[in-house]
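Enquirer: Provide a 3D model corresponding to the input given below.
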Amino acid sequence: MTGEKAGMKQNKEDFLTGVGAVDAEHVVLLDLTDQVGALLADENMLFKCADIRQLLKRLEDYTTMHFTHEEQLMEKMGYGGIEEQKKQHRMFVQKLEEFTDRVSKLSLGTQDAMIQDLFEYLQQWLQDHIKVEDMKYARFAMEKTKGDC
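Expert: The predicted structure is shown next:
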């Protein structure tokens, strides 16, 4: 699995929860994941380390903002599953930090394996988290606001 063929571009509508602001943020996360996948197809080995560092920084910054926003929405709505969400969010950020640490130890011969690991992790985590955990919240939010004008 390499590059855009392995990405989620054609499946973004499958990740829609119906919570507009959250969906817009998820699209950015999916785009960042696709960018990681595109690095696998990039033949320019010299720039991959710098590119993956930049992407990891963007992922860390964006997920921190997104998770904060998502958790604020959940708190505001009184969502009972918020602690599980927070736990999963913390674990995701911790995993990104581990990948960032791995980047500092990369050599030309090992960068593709690390990028592949990161890409597969992002794909799987986003699929599992959005389609299961975030959908639970979306159903809760829609039910709670049902009938509101």
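Enquirer: The helix ranked longest in the chain: how far from the chain's middle?
Expert: When the chain is parsed with DSSP state H, its longest helix is helix 45-77. Chain-centre distance of helix 45-77: 7 Å, with C-alpha atoms, centre = their mean, to the nearest Å.
Enquirer: so which strand or helix has the residue nearest the centre of the chain?
Expert: Residue closest to the mean C-alpha point of the chain, counted by C-alpha atoms, centre = their mean, is L29 at 4.6 Å. According to DSSP states H and E, L29 maps onto helix 20-41.
Enquirer: How about that helix, which residues are buried there?
Expert: Within helix 20-41, the residues scored as buried using 16 or more other C-beta atoms under 10 Å are 22-23, 25-26, 29-30, 32-40. For glycine as for every other residue, the C-beta is placed from the backbone atoms N, C-alpha and C.
Enquirer: Stretch 54-68 now?
Expert: In terms of neighbour count (16+ other C-beta under 10 Å), stretch 54-68 has its buried residues at 55-56, 59, 63, 66-67.
Enquirer: May I ask which two of the buried residues of helix 20-41 are separated the most?
Expert: Taking C-beta to C-beta, the two most distant members of the buried residues of helix 20-41 are V22 and L40; they sit 28.0 Å apart.
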